[in-house]
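Trainee: for reference, the sequence and a predicted model appear below.
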Amino acid sequence: MHWRQIKDRLSAKSMILAVAFANSLVLLVGLGLLIKSIPILEKKSLFHLLLSSNWHPLRGEFGFYPFIVGTLEVTAIAMILAVPVCLLSAIYLSEYAHHRLREIARITVDIMAAIPSVIYGLWGVIVVVPFVCLLGKWLNTPTTGYSLLAGGIILAIMASPIIISVSLEVLRTVPIQAREAALALGTTRWEAIKHVVLRNAFHGILSAVILGFARAFGETIAVLMIVGNVPKVPTSVFDPAYPLPALLANNYGEMMSIPLYNSALLLSALILLLVVSAFNMTAHLTLMRVEKR
Amino acid sequence: MWCRGPRLSTYQCSFKPRKAATTSEKRGGVANAIVGSLCLAFGASLLSFLLGLPIAFALQKEYISRRLAQITRLSLDILWGTPSIVYGAFGFIIMVYLGLRASLLGGIIALTLLMLPIMVRSIDEVIRMTPPELKEASYAMGATRIETTFKVVLRQALPGMITGVLLAFGRGIGDAASILFTTGYTDYIPRSLFDPVASLPLAVFFQVATPIPEVQQRAYASALILLIIVLLISVVSRLLSHRYSRHIIR
């Protein structure tokens, strides 16, 4: 065989190896976390771990309930704040705005996505926390400001770039003829958007929201800095919470001496990975189908 | 942020080298964190580029079936969305397994996990844009797949690749959660791969948590430096891709 062909074969083999590596990476991460969290799963049932709210690591009690509720609530607040604003701005940018404005907005959104989370966290400490504190005073609910609401506001800001950019892309894939057909039938612009564009883009927009949700769900440092970190089930939005990623970031690495604690923390990482991956997978599968159309 | 931001003196001491910035000391700068962050991000970019380029090349239809390529893209997208704290925890497991202490190398491994999917997916997106006719012309001349990849596809994809690498670099340099357990924190500039290393995001994170106002001001300074680096990278990647995309055949 010629040397050139040998080179070709060899490179092809190594590339396929690289692809195998890329594919196994997801499994590898999941498996690694699973193996490390087996000790705690052997001691206690998963059901009990997820629903118990006793968190006393030194006594060997690991109830994830407050953390899971904290994560869900802070993410839900973020979504409630972010989704309407993001969808309306995506619709505006796609359907009404001048194309130059759209380009500027795209660049802004890209830059927003590029800003590190620790900077959002710092901004949260300087701006959002005092704001929430003031709001609490105004509403007669004393709060330090380090609360669910503050975390939700920051997460809303952090999740919005991905929601806006993905739903903008999706809206742009709706063929212009569809809009024109609707307008030719005498609909107003909004009616055309509502009945034709949004209908067409529904699945794509849904996956944009899911991607934003997943982003907010796994966000660590910014939330850790402003959400207060008190392991109790929060009763109002002005209460501090303690989401799963914050739990992991605060305690992992230091508590290596207690094996069961370590294992419990890695279980929380595994839960995080599974939830976020499930959401991401749904969203990307839907987007792939949208892309194909 | 800037109304409370760094004073001029903070800038001046930012670049005071060597023994500098204990998180508790009142004096000192963040040179250790700047250098550390750059080391981490460059190391991880290099590693994930070397790992990622073959993956991105392999996603072409000459190498693997369309179905496998779709699956790989999906798993890379899932990896892209994985929270960086999970990579931090996983990186720590690997480190313990390999018997490493918190070090530059550990940080580079964790960051590589984070950056690899970003890099591969963005390079893959531009490789897919290569017109098939160009490749076919190359094959018609008797070139092998790897020759076509390097001499035709690579050149077409170069501007996009620069953007992808810089995008990943920007994500990597700003990420705190993945290096929280893996790099440690130190006042010194690392001398080898096995030294612990400071980094800008962690500097911000630790400094803002202290009660000493002087140190907190340093957090604002560190955040500003980090922000400037990230924005600079974003601008540079935009300019470069604009400049080089003139030479692309569409």
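Mentor: Perfect, I can see it now.
Trainee: so residue 85 is in which element?
Mentor: By default, I'm working from chain A. helix A:65-91 (DSSP states H and E).
Trainee: sorry, I should have been clearer: chain B.
Mentor: According to DSSP H and E, residue B:85 maps onto helix B:84-98.
Trainee: again with residue A:217
Mentor: Here residue A:217 is assigned to helix A:198-218, by DSSP H and E.
Trainee: ok, the residue in the stretch 151-293 of chain A that chain B sits nearest to - contacts?
Mentor: For the stretch 151-293 of chain A, the residue closest to chain B is residue A:218, as judged by Cβ to the nearest Cβ, at 2.7 Å. (Glycine included, C-beta is placed from N, CA and C.) Residues counted as contacts of residue A:218 (Cβ atoms under 8 Å, 6 or more residues apart in numbering or on different chains) are A:245, A:272, A:276, B:81, B:82, B:83, B:84, B:85, B:86.
Trainee: let me have those in TSV, extended by neighbour count.
Mentor: Shown next, in TSV, are the contacts of residue A:218 (neighbours: other Cβ atoms under 10 Å in any protein chain shown):
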residue	neighbour count
A:245	28
A:272	25
A:276	22
B:81	22
B:82	26
B:83	26
B:84	27
B:85	30
B:86	29
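Trainee: need these in CSV with pLDDT and distance to residue A:228, can you?
Mentor: CSV is the format used below for these (pLDDT from 0 to 100; distance: Cβ to Cβ, whole Å):
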residue, pLDDT, distance to residue A:228
A:245, 88, 14
A:272, 91, 19
A:276, 92, 23
B:81, 90, 26
B:82, 91, 25
B:83, 91, 20
B:84, 90, 21
B:85, 91, 18
B:86, 92, 23
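Trainee: and these, which is closest to residue B:235?
Mentor: The closest of the contacts of residue A:218 to residue B:235 turns out to be residue B:84 (Cβ to Cβ; 23.8 Å).
Trainee: surely the closest one touches residue B:180?
Mentor: No. Counting by Cβ atoms under 8 Å, residue B:84 does not reach residue B:180; the two are 9.0 Å apart.
Trainee: run through chain B and note the low-pLDDT ranges.
Mentor: Within chain B, the stretches falling below the threshold (pLDDT under 70) are B:1-28, B:247, B:250.
Trainee: switch to 80 and redo it
Mentor: B:1-29, B:184, B:186, B:188, B:241-250 (pLDDT under 80).
Trainee: if I pick the closest residue in space to residue A:90 that isn't next to it in sequence, what's in contact with it?
Mentor: Among residues not flanking residue A:90 along the chain, residue A:167 sits closest, at 4.1 Å (Cβ to Cβ, 6 or more residues apart in numbering or on different chains). Residue A:167 makes contacts with A:86, A:87, A:90, A:201, A:204, A:205, A:208, A:209, as judged by Cβ under 8 Å, 6+ apart.
Trainee: run the last query once more with 10 Å
Mentor: A:83, A:86-87, A:89-91, A:93-94, A:201, A:204-209, A:211-212 (Cβ atoms under 10 Å, 6 or more residues apart in numbering or on different chains).
Trainee: state the distance from residue B:75 to chain A.
Mentor: 5 Å (Cβ to the nearest Cβ, to the nearest Å).
Trainee: what is in contact with residue B:84 and residue B:180 at once?
Mentor: A:220, A:221, A:249, B:91, B:110.
Trainee: now those as TSV including secondary structure?
Mentor: Below are these laid out as TSV (DSSP: H, G, I helix; E, B strand; the rest coil):
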residue	secondary structure
A:220	coil
A:221	helix
A:249	helix
B:91	helix
B:110	helix
